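Engineer: Have a look; sequence and predicted model below, questions after that.
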Amino acid sequence: MIATPPTEPTLTDVIEKLDTLSSRVDHLSTRVDNLATDVEKFNDRFSNYQQATQWVVQLAFTLIASATITVIITSVLRR
């Protein structure tokens, strides 16, 4: 059995590999940009959700306080 020596890559092979890597990097860059946009949208939605939740909690406490004051005032005035 005769061993064939490994062939050295040619300049054309190296250029093809670089083109392939360049296209992969471009693809990854596009995906990272898309991901950054998605994260920004999620942050906006989360911020809106958090603010709405705070408003609901404030409304609930206001209603509880109003009801408590109403009960206290009516019970005091009826005596």
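Structural biologist: Alright, I've got the coordinates. Numbering: from 1, shown residues only.
Engineer: need the strands for this protein, in chain order.
Structural biologist: Secondary structure of the chain (DSSP state E): no strands located.
Engineer: In it, which residue is most central in space?
Structural biologist: By Cα atoms, centre = their mean, the chain has its centre lying nearest to residue 39, at 3.0 Å.
Engineer: per-residue pLDDT, it?
Structural biologist: pLDDT, residue 39: 97.
Engineer: how far away is residue 62 from residue 38?
Structural biologist: 36 Å (Cβ to Cβ, to the nearest Å). Backbone N, C-alpha and C define where each C-beta goes, glycine included.
Engineer: what about residue 10, distance to residue 22?
Structural biologist: 18 Å.
Engineer: quick check: mean pLDDT across stretch 24-36?
Structural biologist: 95.
Engineer: Roughly how far does residue 68 sit from residue 14?
Structural biologist: Counting by Cβ to Cβ, the gap from residue 68 to residue 14 is 79 Å.
Engineer: just residue 41 next, same as before
Structural biologist: 41 Å.
Engineer: what number of residues lie near residue 57?
Structural biologist: 10 (other Cβ atoms under 10 Å).
Engineer: Also residue 73?
Structural biologist: With other Cβ under 10 Å as criterion, residue 73 counts 10.
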